[in-house]
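Colleague: Show me the folded form of this:
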Amino acid sequence: DVTTREGSGPEGRAELIACVGQGKGGAMALFHRHVYPDVVTEVALPAIRALWTVYSSEQEESTRGRAANYHAYMILSLEKSTMVLETGTELNEVTEKVDFATTCPTVTIGNVGSLTKIVQVCPGAVFLLRHGKCLQKETVDGELIEAPSGASVKFAAVADPFVLILLST
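Modeller: Sure thing, here's the model as predicted:
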C-alpha cells in the first residue's frame, strides 16, 4: 500500500507499508524515501581540516582476518598537528604510542601493499608505516624526492601501489 500523507513532511513524502516476518516475529515495516539517522552522540571538532581511516595489518593478523573489514586508525589532520585515534569498541587516542608524524598536519594518508602498510604524506616528508611503526621516512629534499630548496607538499593522493605528490615551488 503506497500512500501520500500530506502533513508528514515538507513535501508530503510517499511511504510504503509492508507486513514482514511470520507468527510472533511478524511486524509492520514503514519504508521511507529518505534516511533519518538516529544521532547517538555528537562531538564538535571545529579545528579538523581533514579526516581519514586506514587499515593496519597488525589488526588483521591478531584476529586472523576477522577484522580485515574494519579500519584500525582514524587520523585527524589539524591546523598544525595530526591526531591519531585507534578504533575498536571505543575511539582511543594513541598519538604518543605510534610512529605517525604528529607534529605537523597531514596532507593525505592511505593504505598500500594490499592494506598491509600505511603511507602518510606531510608537507615536509613521506612516511611508510606498518603496525603503527615507521619503516621509512623520506624528506621532500631527500634522495628519492628531488625538490628545490624550500619546497613542500601541497597535494597528494594514494592509490595502491602509487603515491602522487604535488610540490610547491
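
Colleague: Put the alpha carbons of stretch 116-123 into CSV.
Modeller: Written as CSV, here are the backbone C-alpha positions of stretch 116-123 (Å, rounded to 0.1, in the frame of the first residue of the first chain):
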residue,chain,number,x,y,z
THR,A,116,49.5,-4.1,4.9
LYS,A,117,51.2,-0.7,5.1
ILE,A,118,50.3,2.9,5.6
VAL,A,119,51.7,5.9,3.7
GLN,A,120,51.4,9.3,5.5
VAL,A,121,52.2,12.4,3.5
CYS,A,122,53.1,15.6,5.4
PRO,A,123,54.2,18.9,3.9
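
Colleague: what pairs with residue 20 across the strands?
Modeller: For residue 20, the residues forming beta bridges with it (DSSP bridges) are residue 27.

Colleague: Quick one: neighbours of it, just the number.
Modeller: Counted with other CB atoms under 10 Å, the burial measure for residue 20 works out to 9 neighbours. C-beta: built from backbone N, CA, C; applies to glycine.

Colleague: My read is that it contacts residue 31, right?
Modeller: No. The criterion here is CB atoms under 8 Å, and residue 20 misses it with residue 31 at 10.2 Å.

Colleague: gap between the two ends of stretch 34-47?
Modeller: Start to finish, the residues bounding stretch 34-47 are 30 Å apart (CA to CA, to the nearest Å).

Colleague: what comes up buried for that stretch?
Modeller: The neighbour-count check on stretch 34-47 (16 or more other CB atoms under 10 Å) flags nothing as buried.

Colleague: ditto for stretch 109-125
Modeller: Within stretch 109-125, the residues scored as buried using 16+ other CB under 10 Å are 109-112, 115-123, 125.
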